[in-house]
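# could you work out the structure for the sequence below:
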Amino acid sequence: MWSDQPSAPGFIQQIISRCGLTSAGIDLQAVPWLIQSQDDAESLIDLLLDPARKIPLFVITTPEASPDVPLINTTTLARATVGIARVVVLPAAFTWALTERLGKRLSVFGGGARAYLPGFAEDADPYGGHKLFLADRISTSDAAADAAQQFQHIAASESLRRLHLDHDVLSFATIRSLRLDTERGRLEEEGAAPTALLAAAELKIAALQDDLQRASAMEQWLLDEQAIAEDRARTAETQLSAASYRVRQLLDQIKSRGENPDTNITLPYTWDEFADWCEHNLVGRVILTPRARREVREPEYRDVKTAARCLLWLANDYLEKRLSGGDGDLRVSLEGGIQNDRCGADSFKTDWRGRTVDVGWHIKNGGNTRDPTRCLRIYYFWDEADQQVVVASMPAHIPSNAS
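Below you'll find the model as predicted:
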């Protein structure tokens, strides 16, 4: 369990209850926002995708078996995070709206809960900080309480990271300093005695000393939080590498028995299931970038199974050659009319996990067609750090100056 939980002070709740406050179109309330209609669900989606949003939205769904009772105590969570987050209760009857718009990997349903941070978009990385709690992870009271406390930490961390003192909000020190300066100016205008002016100056000095102590304490707290965050990041990277290595170990064991690990894989029939199919079957071998995940939702290219078979080639033949020391220079034919070749003039750069990489290879079908329903292009690169193939864009042709 977490300790020393951050929580909004009582006077914030009083201000909101008496005056009402908003943040980029979001009503700040100390009670959860209950989605009660399709219009409410659409409004929620609009807020989730609003680039101007500055606070997290904590979407807590209800289980289908208990459609009126979320697993997390949303009333307590709403009070604790009022002003720096908004708690939303999404009944089971309306979760389909999120899934239809965002896809399964970015939505939340079945009694689960998710933190949608500012900057969330339809092509967001599902592992990029928008923390998800599946229903089975918060099914007990202790687990639900722990999840709520993690949401409180997320709200506090986001408020410190995104809202800057004396820019987005006025600090207590700034307000106190202005008040003391105003008081001293009033005394000077009224011709107050030197003793009164001296007392005012001493108050200002004492306030500055207090501000310095507070700043030192805040600096130490931020350093401690940074150290914790870096430790978590290292742990997550280690776990990810270990998981990928274990996946490859299991695949090698299957192959050593003369079996094909992908023999029983069912190819996707529609683009709606394509991203999830990749996630479930190609984990540790091939991954889609957020851009590629967005592009495979409703592309014009029709042959879903051919695209899937191409990714299986990347996950097997290409991956094995890279892991055995090859440089990836593989100009080969995959199947009738499908080639793996350099991009040439169609090469481009893309951002991947904090760095810029060159995308210089693609899988393409033959001919010089530009009919988007028949033209297949899968642009990819090799991620040396994670030892996997990254699909940067698919399945459409990317126009270039030479196109």
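
# C-alpha only now, for contacts and for neighbours.
Will do.

# could I get the full set of helices for the protein?
With DSSP state H, the ranges of helices along the chain come out as 10-19, 38-48, 74-80, 95-102, 141-162, 172-189, 194-256, 274-281, 290-295, 304-313, 319-323.

# between those, which one is nearest to I363?
Taking Cα to Cα, helix 304-313 is the member of these nearest to I363, at 7.5 Å.

# tilt between the closest one and helix 274-281?
Helix 304-313 and helix 274-281 are oriented at 30 degrees to each other (axes from the mean of the first three to the mean of the last three Cα atoms, to 10 degrees).

# so where's the stretch 201-350 of the chain shaky on pLDDT?
Residues of the stretch 201-350 of the chain meeting the criterion pLDDT under 70: 236-237, 240.

# rewinding a little: out of the helices of the chain, flag the one nearest D329.
For the helices of the chain, the distance to D329 is smallest for helix 319-323, at 9.6 Å, taking Cα to Cα.

# elements contacting the closest one?
For helix 319-323, there is no helix or strand it packs on, judged by 3 or more Cα pairs under 8 Å, 6 or more residues apart in numbering; DSSP states H and E.

# what sits against T270?
V304 (Cα atoms under 8 Å, 6 or more residues apart in numbering).

# how far away is it from P299?
Distance of T270 to P299, given as Cα to Cα, to the nearest Å: 11 Å.

# re the thing from before, looking at the helices of the chain, which is nearest to A113?
Closest of these to A113 is helix 141-162, at 8.7 Å (criterion: Cα to Cα).

# and the angle for that closest one with helix 194-256?
Using the same axes, to 10 degrees: helix 141-162 against helix 194-256 is 120 degrees.

# could you list the buried residues of helix 141-162?
Judged by neighbour count using 16 or more other Cα atoms under 10 Å, the buried positions of helix 141-162 are 143-156, 158-159.

# could you dump stretch 350-366 to CSV, C-alpha only?
The C-alpha coordinates for stretch 350-366 follow below in CSV (Å, rounded to 0.1, in the frame of the first residue of the first chain):
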residue,chain,number,x,y,z
THR,A,350,10.2,8.7,-37.5
ASP,A,351,10.3,9.2,-33.8
TRP,A,352,10.4,6.1,-31.7
ARG,A,353,10.6,6.1,-27.9
GLY,A,354,12.5,9.3,-27.6
ARG,A,355,14.8,9.0,-30.6
THR,A,356,14.7,9.6,-34.3
VAL,A,357,15.2,6.5,-36.5
ASP,A,358,15.5,6.0,-40.3
VAL,A,359,12.8,3.9,-42.0
GLY,A,360,14.6,2.5,-45.0
TRP,A,361,12.9,-0.8,-45.7
HIS,A,362,9.5,-1.9,-46.7
ILE,A,363,7.4,-4.8,-47.9
LYS,A,364,5.5,-4.1,-51.0
ASN,A,365,3.3,-5.8,-53.6
GLY,A,366,4.5,-5.8,-57.2
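
# list the residues that contact V359.
Shown in contact with V359 (Cα under 8 Å, 6+ apart): 343, 347-350, 379-381, 392.

# try 7 Å
Residues in contact with V359 (Cα atoms under 7 Å, 6 or more residues apart in numbering) are 347-349, 379-381.

# then T356?
Neighbours of T356 in contact, by Cα under 7 Å, 6+ apart: 349-350.

# before we move on, the earlier item: which one of the helices of the chain lies nearest to A121?
Closest of the helices of the chain to A121 is helix 38-48, at 7.7 Å (criterion: Cα to Cα).

# now the closest one and helix 95-102, what's the angle there?
Angle, helix 38-48 to helix 95-102, by the same axes, to 10 degrees: 40 degrees.

# ok, E189 - contacts?
Neighbouring residues of E189 by Cα under 7 Å, 6+ apart: there are none.

# now render the helices of the chain as CSV, adding distance to D262.
Putting those into CSV (distance: least, Cα to Cα, whole Å) gives the following:
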stretch, distance to D262
helix 10-19, 56
helix 38-48, 37
helix 74-80, 43
helix 95-102, 28
helix 141-162, 36
helix 172-189, 61
helix 194-256, 9
helix 274-281, 8
helix 290-295, 22
helix 304-313, 8
helix 319-323, 14
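
# thanks again, I'm all set now.
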